[in-house]
Structure formats: C-alpha cells, structure tokens
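S.K.: structure of the sequence below:
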Amino acid sequence: MKQEQRFWPARLRWRLRAATMWPAFIAITLLDGVLLHLLPPIGTSVPVIAGILLATFGNLVLIGAAAPLLARRIGARRPGPAASPQAAHEVLVDRVGTALLLATVLGIVAAGLGNREVVVSETDATAENARAVRDYVLAGSDPELVRNLDSANTIRLADGYFRTCIARDDRRRYFCMYVDTNKTPTEITPDRSAEPNSAFKAR
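M.R.: Numbering: from 1, shown residues only. The predicted model follows:
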C-alpha cells in the first residue's frame, strides 16, 4: 500500500512535467499565423486565417511525427530515468515538441525579415530606375520624350537591371533604354530596338 501511495504522486509529478507542449501548440500556432501575415517568407502577404491554418498543419506534423522520433533518439542515448520508461518518454516528447514549436517562431521571423530585406532592396532599385530615367530624359534634347514621360513602361530583367520604354507621339514607336541601378552612378544605355516591352517579353 505504501508503495502504491508513493507511485501515484511520483507519476503525477512526471505527468505535470509533460504538460507544456499542447498549451504551447495553441499559443505558438496563433503567433505563427500572425507572424506569417506580418512577416511573410514569400513575396506576398498571407491572410491571418490562412497563416493560422498553415501553422496548424505544420506544427501538428512537428509534434505528431518529428517530436516522437527525436525523443526516441535522444532517449536512447540518455541514462535510465527515475520513473517508468513510458513516463520519461512522455516528458521527453513534450520537451522536444515544445522546443520545435519555439523554433518555428524563430524560423518564421528569420525568413520573414530576410524576405523583407529583398523586397525593400527591389523597391529601392525600382525607385532609382524611375529617378534615373526621368533625369536622363529631362537632361536630353528630345522634347517628344519629355512630353511622353508619363508613358514610361518598365520591366525587370535581373536584380537592379531594367528595360524602360517611353512612347513616341504616335504611340506606335518607342524609345527604350537599359537601366543598371547596380552601378554607381546608375548607368543608362539606349536600346537600338524600338519594340515595346510587351513585344520584348514575348521573344
């Protein structure tokens, strides 16, 4: 009787030690969904509900498959526990699962910040392209281009490298130029071809 009385408090303590993963799953899944919306790792923003659904699926895979597998590997290398092997395994799965859930937060933040830097850099290059084209046209001696500056159309050929075309008065001919914002100062090279960007992309 005394042994049984000692057994249940000990088992309860081990159960309580394995009681953090599911509360963490709920909280971190909601947080992951919000982070996917605020710091999307892809080019476009993710709606909050869609982010939560993605996080739910991903986190379930982590705690349902990855955590038990890692726990078995870690447990095989650790000395025998003071409690039953099953209780010790439950505690280890709980801790590994919680750690994996926390890692998702760090991963989403890192991926989101990395993507944001790329987006900001591309936005800066696009703005520099517009500025350089405007300065080039206004500094030139072709009033027709100045009149039609608002018709400028740009496509990105590579990172920081663009092709911008400005329509002539008849809207059937174009003056096009290559703009390299990677160079300092920005380099503009007129294109001998007068085909618009729509035809250039269709090649």
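
S.K.: so what's the backbone phi/psi at the spatially most central residue of the chain?
M.R.: Of all residues in the chain, the one closest to the mean position by C-alpha atoms, centre = their mean is residue 41, 0.8 Å from it. In this entry, residue 41 is assigned phi and psi values of phi -80, psi 0 (degrees, to the nearest 10).

S.K.: state the pLDDT value of residue 85.
M.R.: On the pLDDT scale, residue 85 is placed at 68.

S.K.: again, but for residue 164
M.R.: pLDDT, residue 164: 94.

S.K.: shouldn't the residue nearest to the centre of the chain be in contact with residue 109?
M.R.: No - look at residue 41 against residue 109 with C-beta atoms under 8 Å: they stay out of range, at 9.7 Å. Glycine gets a C-beta too; all of them are placed from N, C-alpha and C.

S.K.: so the residue nearest to residue 152 when sequence neighbours are not counted is in which element?
M.R.: Closest residue to residue 152 apart from its sequence neighbours, by C-beta to C-beta, 6 or more residues apart in numbering: residue 166 at 5.1 Å. Taking DSSP states H and E as the definition, one finds residue 166 inside strand 161-167.

S.K.: mind listing what that strand pairs with, with the direction of each?
M.R.: strand 153-158 (antiparallel), strand 174-180 (antiparallel) (DSSP bridges).

S.K.: what's the shortest one in contact with?
M.R.: Think strand 153-158. Strand 153-158 is touched from outside by 122, 126, 129-130, 133, 162-167, 178-179, 196-197, 200-201, with contacts defined as C-beta atoms under 8 Å, 6 or more residues apart in numbering.

S.K.: the residue nearest to residue 66 when sequence neighbours are not counted sits in which helix or strand?
M.R.: Excluding the flanking residues, the one nearest residue 66 by C-beta to C-beta, 6+ apart is residue 100, at 6.1 Å. Here residue 100, judged by DSSP H and E, is contained in helix 85-139.

S.K.: chain center to that helix, what's the gap?
M.R.: The chain centre lies 4 Å from the centre of helix 85-139; the measure is C-alpha atoms, centre = their mean, to the nearest Å.

S.K.: rewinding a little: ok, the residue nearest to the centre of the chain - contacts?
M.R.: 108, 111, 112, 114, 115.

S.K.: per-residue confidence for it?
M.R.: The model's pLDDT for residue 41 equals 78.

S.K.: relative to residue 61, how far out is residue 46?
M.R.: 18 Å (C-beta to C-beta, to the nearest Å).
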